[in-house]
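[1] Got a sequence here, can you model it:
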Amino acid sequence: MKKIKVGMISFAHAGHPDSYLSFLINHPNVEIIGLAHHDKERLQKHLDAYALPYYANYEELLQTDCDAVIICSEYVNHAKIVMEAAEAKKHILCEKPLGLSIPEMRAMIKTCKENNVQLMTAFPSRFSKPIQEVKKMIDRGGLGEVLAIKGTNRGVNPGSWFIDPLKSGGGALMDHTVHVMDLMFWLTNSEVKDVYTEASTKFNDIDVEDAGIVHVTFNNGTIGVIDTSWSLHESFPRSFDLTLQITGTKGSIFVDVLGQSNELYSKETKKATWEFWGDNIDQYLVNAFVHAIVHNEQVPITGEDGFNSTAVALATYESLRMKEPVDYNSFIQSKL
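    Okay, the predicted model is just below:
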C-alpha cells in the first residue's frame, strides 16, 4: 500500500495536534516528515519519543518532499499557511475555523483548487458513531421532517491566544459555533437563510464574548439554536460538551457526542470526571484524510464545508453589531 509523507505545522491549538500526531505515528500509510513550531520546547516530548525532524520555520518544512500537511496554528494564521502550503503542492488538513474572513476563505479554497491539492477542514464530530447513526436515521426518514435542532457546544475558558481577538477572531462564538453548525449543515442538507445572535461576557474577565445563543433558519424551514459558550466551570466533569436535540414530525432524539463515558472519582483530580471510552473521533478524522490522499479520492469534509460553518460564525458578529437578524447570503456577498 502506498505511503504518504506528512508534516505537521504548528502545535498552537490545544490538544488536537498532539492527538493527531499520536495516530499518524502508527498509521501504516504515513511517514512523518517533520514537525514545525516556533517553540521547540512545546514539541520536545514528541521529538524525543519519535526522533522526528524539527523545523523552527514552517516554510522550511514546505520545501521538503512531503505530500500533505496538518495545520493547527492560531486561527489568524490559517489563511497564510494554507495558501503557502497549496502553492507548495501539499494536500492540507486545517483546523477549524477555516479562516477569519469571507475573502480569505474564498482565496484559500481558490488557491487549493488552482494548485490541484485537497483542502479538508477538521470537524471530527462528524465521525462520532452516535452522530453517524442519527444521520442515517434522518436520511431514511426515521424522524420525518426535521423541524428543529438545539445544539450545545459549551466549554471552559481556554485562555492563551484563544481570548486574544487579534489571533482568534473573537471569543466563544468563533470558537464553538462552527462545530455544531457543520453538523447542522450535514444533517439538514440545507443552506442557511438567516442568522440572529445574542452574546456577551458573563463568566470571565476577558475582552471577548464568553456566552452566546445563535439562532439560524435554514432554507428548508428547519430552525437551529446553539448554546455556544465558555460557561463550564472548572469543576465540571469534562472541559467541553457537544450535544444535539433533534425534533422531527415523527419523533425526536437526543445525541451526546461525548456520552460514551464512565464516572471516575479520583484523589488526584479532587473531583468527579467523565472518562471517555468510545472510539476516538480524532483518529477517524486523520484516517479519513490519509485515505483520501492515498487513494486520490475527495476528502469527506471539504474547504467549502469549513467555509459554510465559519461564515455563520462571522455572521453572528454582524448580527450582534446590527442587533437584528442577518440574511446569510447577502452577508457573504457584501464581504466579497
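[2] Spit out the contact partners of the nearest residue to V299 once chain neighbours are set aside.
    In this structure, V299 finds its nearest non-sequential neighbour in M120, 3.9 Å apart by Cβ to Cβ, 6 or more residues apart in numbering. From N, CA and C alone the C-beta is placed, and that goes for glycine too. Counting by Cβ atoms under 8 Å, 6 or more residues apart in numbering, M120 makes contact with 91-94, 288-289, 292, 299-303.
[3] Would you map the strands across the stretch 201-336 of the chain?
    211-218, 223-229, 243-248, 251-256, 261-265, 272-276, 326-327 (DSSP state E, counting those that start in this stretch).
[4] Highest mean neighbour count out of the ones you listed?
    strand 223-229 (a mean of 23; mean count of other Cβ atoms under 10 Å).
[5] gap between it and the chain center?
    16 Å (Cα atoms, centre = their mean, to the nearest Å).
[6] Name the residues that touch that strand?
    147-155, 172-173, 175-177, 180-181, 184, 188, 203, 210-218.
[7] Now that we have those, which of them are buried?
    149-155, 172-173, 175-177, 180-181, 184, 188, 203, 210-212, 214-218 (16 or more other Cβ atoms under 10 Å).
[8] Can you flag which of the residues you listed belong to helices?
    172-173, 175-177, 180-181, 184, 188 (DSSP state H).
[9] Which stretches in this structure count as helices?
    Using DSSP H, helices in the chain cover 16-25, 40-50, 58-62, 78-87, 102-114, 129-139, 165-168, 172-188, 281-294, 303-322, 328-335.
[10] Of those helices, flag the one that's most buried.
    Comparing those by mean count of other Cβ under 10 Å gives helix 172-188 as most buried, with a mean of 25.
[11] Can you spell out which helices and strands pack onto that one?
    helix 129-139, strand 146-154, strand 192-200, strand 211-218, strand 223-229, strand 243-248, helix 303-322 (3 or more Cβ pairs under 8 Å, 6 or more residues apart in numbering; DSSP states H and E).
[12] My guess is S10 contacts I71. True?
    Yes. The pair S10 / I71 is scored as a contact, 6.3 Å apart, by Cβ atoms under 8 Å.
[13] which residues are in contact with both of the two?
    I81.
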